[in-house]
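S.K.: Using only what follows, build the 3D model:
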Amino acid sequence: MNEISESPLCGKLLIAMPGMGDPRFDRSVIFVCAHSDEGALGLIVNKPTPDLSARDLLEQLGITPAGDLPPINVHFGGPVEHGRGFVLHSADYCSDNSTMQVSTSFGMTATLDILEDIARGDGPRQSLLALGYSGWGPGQLEDELQRNGWLTGDATPEIVFGSDARGKWEEALKSIGIDPLMLSSEGGRA
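M.R.: A predicted model of the protein is given here:
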């Protein structure tokens, strides 16, 4: 397993501000998996795909579940590379050198072996499947943060893996002490 990143944004949540201007990220909560001078990669954790279940995805990949699958949602991870899959999971799972340890609580694996392990019942305790990812080039995320496009907060398993996808945005805001009803899409100047 790779060592945990030194970036203060890795393992954090990006919480979209109202009126950010990009409808693909409206009310999004993004888990930051990687961040460096070269850019950033994150997965949207609150936009499940309406027509694709984990079982359907496994069957499309030729993986037959050995029994009942744990409750796993398939999410729209972001607008980049929709055909590429990622599994954000609890840190109790490690797949040789293919698991990126994002924080002490979270790992991310993007190889088929994790899906095979999940199908056999040997996967992580908690996981979220994402198709596509959210990516930023060098300095792009920092610029968006400076322009107040995102708030940042601590990622908790309850928010990331919670079953109420629609409520994750509000929960993420509340976790940093912000009432969603008090947010405005208009910026102010002092």
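S.K.: Report the contact partners of Ala91.
M.R.: The contact partners of Ala91, taken as CB atoms under 8 Å, 6 or more residues apart in numbering, are Gln101, Ser103, Thr104, Ser105, Phe106, Gly107. Every residue, glycine included, has its C-beta placed from N, CA and C.
S.K.: Next secondary structure after the least confident helix or strand in the chain by mean pLDDT?
M.R.: When each helix and strand of the chain is scored by mean pLDDT, DSSP states H and E, helix 54-60 comes last, with a mean of 85. Using DSSP states H and E, the helix or strand that follows helix 54-60 in sequence is strand 74-76.
S.K.: If you count contacts, what does that following strand end up packed against?
M.R.: strand 39-44, helix 54-60, strand 127-136 (3 or more CB pairs under 8 Å, 6 or more residues apart in numbering; DSSP states H and E).
S.K.: Quick one: mean pLDDT for it?
M.R.: Mean pLDDT, strand 74-76: 92.
S.K.: Please enumerate the strands of this structure.
M.R.: Assigned by DSSP state E, the chain shows strands spanning 12-16, 29-36, 39-44, 74-76, 80-90, 99-101, 106-109, 127-136, 150-154.
S.K.: middle-most residue in the protein, spatially?
M.R.: Leu43 (3.1 Å; CA atoms, centre = their mean).
S.K.: So it versus Glu158, what's the distance?
M.R.: Leu43 sits 17 Å away from Glu158 when distances are taken as CB to CB, to the nearest Å.
S.K.: re earlier: could I get the helices and strands packed on strand 74-76 as JSON lines with distance to Met182?
M.R.: Formatted as JSON lines, the helices and strands packed on strand 74-76 follow (distance: least, CB to CB, whole Å):
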{"stretch": "strand 39-44", "distance to Met182": "24"}
{"stretch": "helix 54-60", "distance to Met182": "36"}
{"stretch": "strand 127-136", "distance to Met182": "26"}
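S.K.: Looking at these, which is nearest to Thr152?
M.R.: strand 39-44 (11.2 Å; CB to CB).
S.K.: Show me what that closest one is packed up against.
M.R.: strand 29-36, strand 74-76, strand 127-136, helix 140-146.
S.K.: Now tabulate these in a markdown table and tack on mean neighbour count and distance to Met17.
M.R.: Converted to a markdown table, those look like this (neighbours: other CB atoms under 10 Å; distance: least, CB to CB, whole Å):
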| stretch | mean neighbour count | distance to Met17 |
| --- | --- | --- |
| strand 29-36 | 23 | 12 |
| strand 74-76 | 21 | 19 |
| strand 127-136 | 23 | 15 |
| helix 140-146 | 15 | 10 |
